[in-house]
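[1] Need a 3D model of the following:
(2 chains)
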2 protein chains.
Amino acid sequence: MRYITGGIALGSALILGSLVGAGTSATAAPATAPAPAAQQSLYAPSALVLTVAQGESSTNSGVQRAVTLTCMPKPGGTHPDARGACNELRAAGGKFEDITKVKAGTACTKEWNPYVVTAEGVWEGQRVKFEHTFGNTCELKAGKGIVFEF
Amino acid sequence: MRYITGGIALGSALILGSLVGAGTSATAAPATAPAPAAQQSLYAPSALVLTVAQGESSTNSGVQRAVTLTCMPKPGGTHPDARGACNELRAAGGKFEDITKVKAGTACTKEWNPYVVTAEGVWEGQRVKFEHTFGNTCELKAGKGIVFEF
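    Below is the predicted model:
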């Protein structure tokens, strides 16, 4: 997939090319300049890798589980509930920190048995580099949402 | 999916549990200890997001194209040739820098029109954070391999 402006630019170029081509065939040539036309897309790319691991941070923990998630043109990837995860992400405007916020009124003990979740890749054309540490499994359960439920 | 050692540990526990269980039923209980058994896997997780962008580095460039790639238990993701990409990655032992090495004997001009490719996520249980800049489209074409061909 290619970023949305690229798609629009190509679209315009093709339209322009067709219009110009109707007048003179020689000037229609520039319309074919953007080479990989088949890979153009009107969608901004969204492609994510989500991980869950036991540990304090991603740098000092292995990876226990990892899934892929794509949301455009339709939900997909190895995430067990891609549709639900995409809806949740869209509702949060792509803000992972909103999703992992432990809901008010949640009662969790304070023991330290940390779990770290990460999201990397691209969300609607913007690079994503997210990491959040939950203090224990209770907090993880309360804050993982659908996105980190795998 | 869960890291391979976890899978093996569970497998061993189950075998051990069965063996012990054949003798005395009471001692078979520990075999069920690792809680989320349904999520266990013998495969180490591999889940990647690959991107291509025009620019010098990922921090100062948008994302033009992004795909997901998973290789276990079978090739998948939005990569157009997931099977080929997985084979190439496996042959390189997961070393992205080997894949993006421009082959000896390649003749490219030296103009500066950079493209940056990135790989993030997990490869066989290990976190991946890879970035490589090609000086121009000739170098990109010579060094992108199957992995970055999308």
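
[2] Run a quick neighbour tally on the closest residue to residue A:117 other than its chain neighbours.
    Leaving aside its chain neighbours, residue A:117 sits nearest to residue A:148 (4.7 Å; criterion: CB to CB, 6 or more residues apart in numbering or on different chains). To be clear about C-beta, it is placed using only N, CA and C from the backbone, and glycine gets the same treatment. Using other CB atoms under 10 Å in any protein chain shown, the number of residues around residue A:148 comes to 25.

[3] For the most centrally placed residue in chain A, give its distance to chain B.
    Among the residues of chain A, the one closest to the centroid is residue A:123, at 3.3 Å (CA atoms, centre = their mean). Relative to chain B, residue A:123 is positioned 10 Å away (criterion: CB to the nearest CB, to the nearest Å).

[4] Just list the residues touching the closest residue to that residue other than its chain neighbours, thanks.
    Leaving aside its sequence neighbours, residue A:123 sits nearest to residue A:94 (CB to CB, 6+ apart; 4.4 Å). Residue A:94 sits next to A:123, A:124, A:126, A:128 when contact means CB atoms under 8 Å, 6 or more residues apart in numbering or on different chains.

[5] Highest neighbour count among these?
    In the contacts of residue A:94, the most neighbours by other CB under 10 Å go to residue A:123, 24 neighbours.

[6] how about the residues of chain A near chain B?
    Neighbours of chain B within chain A, by CB under 8 Å from any CB of the partner chain: A:1-3, A:6, A:39, A:45-49, A:51, A:58, A:62-70, A:76-78, A:120-122, A:125-127, A:150.

[7] now these: which count as buried?
    A:1-3, A:6, A:39, A:45-49, A:51, A:58, A:62-70, A:76-78, A:120-122, A:125, A:127, A:150 (16 or more other CB atoms under 10 Å in any protein chain shown).

[8] Need the nearest residue in space to residue A:92, chain neighbours excluded.
    Using CB to CB, 6+ apart, the closest residue to residue A:92 is residue A:98 (4.4 Å).

[9] confidence score at the one you found?
    Note on residue A:98: pLDDT of 94.

[10] buried ones in the helix or strand hosting it?
    Assigned by DSSP states H and E, residue A:98 belongs to helix A:96-99. The neighbour-count check on helix A:96-99 (16+ other CB under 10 Å) flags A:96, A:99 as buried.

[11] So the nearest residue to residue A:106 once chain neighbours are set aside, which state does it fall into?
    Nearest residue to residue A:106, sequence neighbours excluded (CB to CB, 6+ apart): residue A:142, at 4.4 Å. Put simply, residue A:142 is helix when judged by DSSP: H, G, I helix; E, B strand; the rest coil.

[12] For burial, what's the neighbour tally of residue A:142?
    As a measure of burial, residue A:142 has 17 neighbours, counting by other CB under 10 Å.

[13] Which residue ranges of chain A form helices?
    Assigned by DSSP state H, the helices in chain A fall at A:4-23, A:82-91, A:96-99, A:137-143.

[14] Could you pull up the mean pLDDT of the longest one?
    For helix A:4-23, the mean pLDDT works out to 40.

[15] Check stretch A:45-59 too.
    Stretch A:45-59 comes out at a mean pLDDT of 94.

[16] Narrow the buried ones among the residues of chain A next to chain B to those in strands?
    Using DSSP state E, the members of these that fall in strands are A:47-49, A:51, A:65-70, A:120-122, A:127.

[17] Which of those residues sits closest to residue B:86?
    Using CB to CB, residue A:68 is the member of these that lies nearest residue B:86, at 13.3 Å.

[18] Now for the closest one: which residues touch it?
    Here residue A:68 is in contact with A:47-50, A:77-79, B:47-49, B:68-70, B:77, B:121 (CB under 8 Å, 6+ apart).

[19] Residue A:113 and residue A:148, how far apart?
    17 Å (CB to CB, to the nearest Å).

[20] Residue A:107 now?
    Distance from residue A:107 to residue A:148, by CB to CB: 20 Å.

[21] now residue A:118
    9 Å.

[22] Show me whatever sits in contact with both of the two.
    What both residue A:118 and residue A:148 touch, as defined by CB under 8 Å, 6+ apart, is the set residue A:50.

[23] could you list every residue that touches the residue nearest to residue A:117?
    A:50, A:52, A:99, A:100, A:117, A:140.

[24] related to what we said a few turns ago, farthest pair within the contacts of residue A:94?
    Among these, A:124 and A:128 lie farthest apart (CB to CB), at 9.5 Å.
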